[in-house]
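Participant: Quick one: sequence plus predicted model below, questions after.
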Amino acid sequence: MKTISALLMGAMAAGTALGATAASAAKPTVSLVGTPLVMRLNSDEFRIAFGIDGQRCMPSGCSGLIHYRVHWKTADGIARSESRRVSYKVSPHSGRTIAVDRQYLDTAEGAHTTDVMGVSVDRITCQNDAEPSGT
């Protein structure tokens with residue numbers, strides 16, 4: 001009985017140590033400053049801008065991908081949703097950046113107006129960037 005208890009205690013301690021190691025090795029995360037900004041350029045062309053808060057990436061900076069979904073509708077009533085991704089890079093010591101993606105959303109090559117109904121962010125990946133040597 002004492003052997004089983006000792007083994008359980010050892011396993012729990014090892015699990016706690018592994019958890020602490022995983023937590024300390026966790027990559028910094030970024031977040032959006034606000035909701036994505038949708039800018040219309042013409043009837044079916046858009047720019048979607050994401051403001052990124054990367055304060056927790058400092059001082060080395062970080063980079064990653066924003067996985068998002070665009071919900072749009074054409075003037076003739078066709079509604080669609082598409083998954084997209086855009087890359088970003090938070091420069092060392094800056095703490096903030098923007099990522100802008102270019103979109104053409106239409107089913108008839110500019111024959112009618114398209115409206116973006118919304119943009120939802122599925123996830124944001126983040127990877128530490130090593131600080132350049134000599135700085």
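Facilitator: Here it is on my side, so go on. Numbering: from 1, shown residues only.

Participant: okay, the closest residue to Val33 other than its chain neighbours: pLDDT?
Facilitator: In space, and not counting its chain neighbours, Val33 is closest to Gly51: 3.4 Å by C-beta to C-beta, 6 or more residues apart in numbering. Every C-beta, even on glycine, is put in place using the N, C-alpha and C of the backbone. pLDDT, Gly51: 97.

Participant: what's near enough to touch Gly51?
Facilitator: Leu32, Val33, Gly34, Leu37, Arg96, Ile98 (C-beta atoms under 8 Å, 6 or more residues apart in numbering).

Participant: Torsion angles phi and psi at it?
Facilitator: With angles defined as degrees, to the nearest 10, Gly51 sits at phi -90, psi 130.

Participant: Over to the one 4 residues further on?
Facilitator: For Gln55, the backbone dihedrals (degrees, to the nearest 10) come out as phi -60, psi -30.

Participant: What is the end-to-end distance of stretch 51-62?
Facilitator: Start to finish, the residues bounding stretch 51-62 are 14 Å apart (C-alpha to C-alpha, to the nearest Å).

Participant: and the gap between the residue nearest to Val33 and Ala75?
Facilitator: 30 Å (C-beta to C-beta, to the nearest Å).

Participant: what does Ala99 give?
Facilitator: Taken as C-beta to C-beta, the span from Ala99 to Ala75 is 29 Å.

Participant: Counting neighbours, go ahead and name the busier of the two.
Facilitator: Ala99 (21 against 13; other C-beta atoms under 10 Å).

Participant: Many thanks, I have nothing further to ask.
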